[in-house]
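1. Next input, structure requested:
(2 chains)
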Number of protein chains: 2
Amino acid sequence: MTKRSVFFLSDHTGITVEAMGRSLLSQFPALEYDTVHWPFIDTIEKAKRAAGRINQETMRSGARPLVFSTLVDPTLRACFRDSAGLIFDFFEHFTQPIEEELQIPSAPALGRLHSIGKQNAYNERIHAVNYALTNDDGAVTRNYDSADLILIGVSRSGKTPTCLFMGLQHGILAANYPLTDDDLDDQNLPRVLQPYVEKLYGLTIDPRQLQRIRKERRANGRYSSFEQCLSEVQRAERLFKRHSIRFLDTTAMSIEEIAARLLQEAGQESRLD
Amino acid sequence: MTKRSVFFLSDHTGITVEAMGRSLLSQFPALEYDTVHWPFIDTIEKAKRAAGRINQETMRSGARPLVFSTLVDPTLRACFRDSAGLIFDFFEHFTQPIEEELQIPSAPALGRLHSIGKQNAYNERIHAVNYALTNDDGAVTRNYDSADLILIGVSRSGKTPTCLFMGLQHGILAANYPLTDDDLDDQNLPRVLQPYVEKLYGLTIDPRQLQRIRKERRANGRYSSFEQCLSEVQRAERLFKRHSIRFLDTTAMSIEEIAARLLQEAGQESRLD
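-> Coordinates of the predicted model:
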């Protein structure tokens, strides 16, 4: 087993550099690594402190750390030039070819203003999160006219986190409605949903996985019995097919993945572009 | 104004490649661009279809598109080798230097399994989202023992979306408690919070911004008057200082940024590492 320290450096939240670094490293299953997450490096002092830490870590471990970085400002990047770490800077690599292609110079300082420029996006996201909260679990059904999507499925099939994520990440207005035992027996589409067939999207899940998730909520009883989970999932899928409602099996998916698939298949673009 | 088409290609959700591409492009304010978001390219057929679309777009616009890509599988990347677009592939660039440094070969096929391998992370995130929902807005206060953080602040200072985001993104258990007019007059810490001073974090916001946000909820009345917003914010900040509670001004920040700052300043690591 090869072992290394890995640093994620950013002048902002560091979410992107960490996601990118981790996907790169996932190609090296034989590598074991400890991570240091260092966001908001926006002054020379902070950059020098991070560079010092990388050098210390090199001394301590005897192997140079892998350093992934998205520092927009070249003067901050310069602080790592003599660092003992192996630096992979995404901006350093890709900015120049873009400049050459477009024949316009980059304006690095502007990058840091983006959170202010995105005030509208902030408001839209907050609005979308509030929408998801208000219209969660069928609690309120009078706002479906303004919904981008309405997710339906049995309890704990992943509706709520998916709606919240689509709101936070994409500003999408997503409501959700739980299919109850009565709905499932009946096999008719609940009356409140009928005018919105075009916006409906079903979620389904492997019954064993559903049982595991339900057991965390209520360990015993019919709700988390395998028979009940199996029966609900089967009847939900039958209902989706009967009414030609598109549906997605969420069993092995992350929340991001469920959201991205739904949006792709519904032909729904992010509202924040 | 230079105008180009921009493609974001991924074999997964495409969130990371889009975030990375957009930050790179934010350095070119003189560039105007349309985006095509193309996730889940996981077969040769899909890759060829995307490559065909890039070529069409080049013909149509007369300028080659900028193509950002995170395709793990080299055989998929190869489909774009003769493409008319200018390809920036993050994996292509960085995988080889990592191989050389570590002296181990990459195993690209494994990358695609990561959503299954992360089932535990999925469960932790769902748990954290449910925690944030249950313990939102002071509705329930008996679970504070298990909280990682408890956010406090006036109504609409950003508590709920921040708690949800920390749950979704980092698996952090975050509760939140609204400071009411009575709490603010009193200037004592609400009794239910007193045992948890170490976990408290205050959010504050510019009163004009607060007023704008509140007006979206209720256009008229005291709740969204400037005087009320100003007075609440002033008294909330006084209360934070009086009880030595760390606090953050969220005015010009995105939700990610608020979350990342809070975690950094509270010394709280993501629970999903």
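2. can you map out the strands along chain A?
-> A:2-10, A:31-38, A:66-70, A:86-89, A:149-153, A:174-178, A:200-204, A:247-249 (DSSP state E).
3. Mind putting these into JSON lines with mean neighbour count?
-> C-betas here are computed from N, CA, C, even on glycine. Compiled in JSON lines, these are given as follows (neighbours: other CB atoms under 10 Å in any protein chain shown):
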{"stretch": "strand A:2-10", "mean neighbour count": "21"}
{"stretch": "strand A:31-38", "mean neighbour count": "16"}
{"stretch": "strand A:66-70", "mean neighbour count": "26"}
{"stretch": "strand A:86-89", "mean neighbour count": "20"}
{"stretch": "strand A:149-153", "mean neighbour count": "25"}
{"stretch": "strand A:174-178", "mean neighbour count": "25"}
{"stretch": "strand A:200-204", "mean neighbour count": "23"}
{"stretch": "strand A:247-249", "mean neighbour count": "20"}
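4. Is it possible to get JSON lines of those strands that adds mean pLDDT?
-> Formatted as JSON lines, these follow (pLDDT from 0 to 100):
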{"stretch": "strand A:2-10", "mean pLDDT": "93"}
{"stretch": "strand A:31-38", "mean pLDDT": "92"}
{"stretch": "strand A:66-70", "mean pLDDT": "95"}
{"stretch": "strand A:86-89", "mean pLDDT": "94"}
{"stretch": "strand A:149-153", "mean pLDDT": "98"}
{"stretch": "strand A:174-178", "mean pLDDT": "97"}
{"stretch": "strand A:200-204", "mean pLDDT": "97"}
{"stretch": "strand A:247-249", "mean pLDDT": "96"}
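5. Give me the domain ranges for chain A.
-> Taking automatic domain parsing as the reference, chain A has its domains at A:2-116, A:119-266.
6. Out of those domains, name the one with the poorest average pLDDT.
-> Here the lowest mean pLDDT among the domains of chain A goes to domain A:2-116, at a mean of 89.
7. Just put the domains of chain A in TSV and tack on distance to chain B.
-> Formatted as TSV, the domains of chain A follow (distance: least, CB to the nearest CB, whole Å):
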stretch	distance to chain B
domain A:2-116	4
domain A:119-266	4
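8. B:I104 is nearest to which of those?
-> For B:I104, the closest of these is domain A:2-116, at 5.3 Å, according to CB to CB.
9. where exactly do the helices run in the stretch 101-250 of chain A?
-> Assigned by DSSP state H, counting those that start in this stretch, the helices in the stretch 101-250 of chain A fall at A:114-117, A:119-134, A:159-170, A:181-186, A:207-217, A:226-242.
10. What are the buried residues along the third one?
-> The reference is to helix A:159-170. Within helix A:159-170, the residues that count as buried by 16 or more other CB atoms under 10 Å in any protein chain shown are A:159-170.
11. ok, now the fourth one?
-> By neighbour count, and taking 16+ other CB under 10 Å as the criterion, the buried residues in helix A:181-186 are A:183-184.
12. give me the number of residues near A:P195?
-> Taking other CB atoms under 10 Å in any protein chain shown as the criterion, the count of residues near A:P195 is 10.
13. wait, what's in contact with it?
-> A:Y144 (CB atoms under 8 Å, 6 or more residues apart in numbering or on different chains).
14. now it: how far from A:R218?
-> 34 Å (CB to CB, to the nearest Å).
15. Kindly report the same for A:N188.
-> From A:N188 to A:R218 the distance is 28 Å (CB to CB).
16. Can you read off the pLDDT for the closest residue to A:G171 other than its chain neighbours?
-> Among residues not flanking A:G171 along the chain, A:R271 sits closest, at 3.6 Å (CB to CB, 6 or more residues apart in numbering or on different chains). A:R271 carries a pLDDT score of 84 in this model.
17. about what we covered before: which among the helices of the stretch 101-250 of chain A is found nearest to A:F91?
-> helix A:114-117 (13.7 Å).
18. who touches stretch A:254-264?
-> Here stretch A:254-264 has contacts from A:149, A:151, A:158, A:161-162, A:165-166, A:169-170, A:172, A:201, A:203, A:248, A:250, A:253, A:268-270, B:12-15, B:39-40, B:115, B:118, B:121-122, B:125-126, B:168, using CB under 8 Å, 6+ apart.
19. next one: stretch A:83-92
-> Contacts to stretch A:83-92, defined as CB under 8 Å, 6+ apart, come from residues A:7, A:17, A:20-21, A:24, A:51, A:54-55, A:57-59, A:64-72, A:77, A:80, A:108, B:20, B:23-24, B:27, B:90, B:94, B:97-98, B:101.
20. same deal with stretch A:38-49?
-> Residues contacting stretch A:38-49 (CB under 8 Å, 6+ apart): A:7-14, A:50, A:53, A:71, A:73, A:75-76, A:79-80, A:112, B:260-261, B:264.
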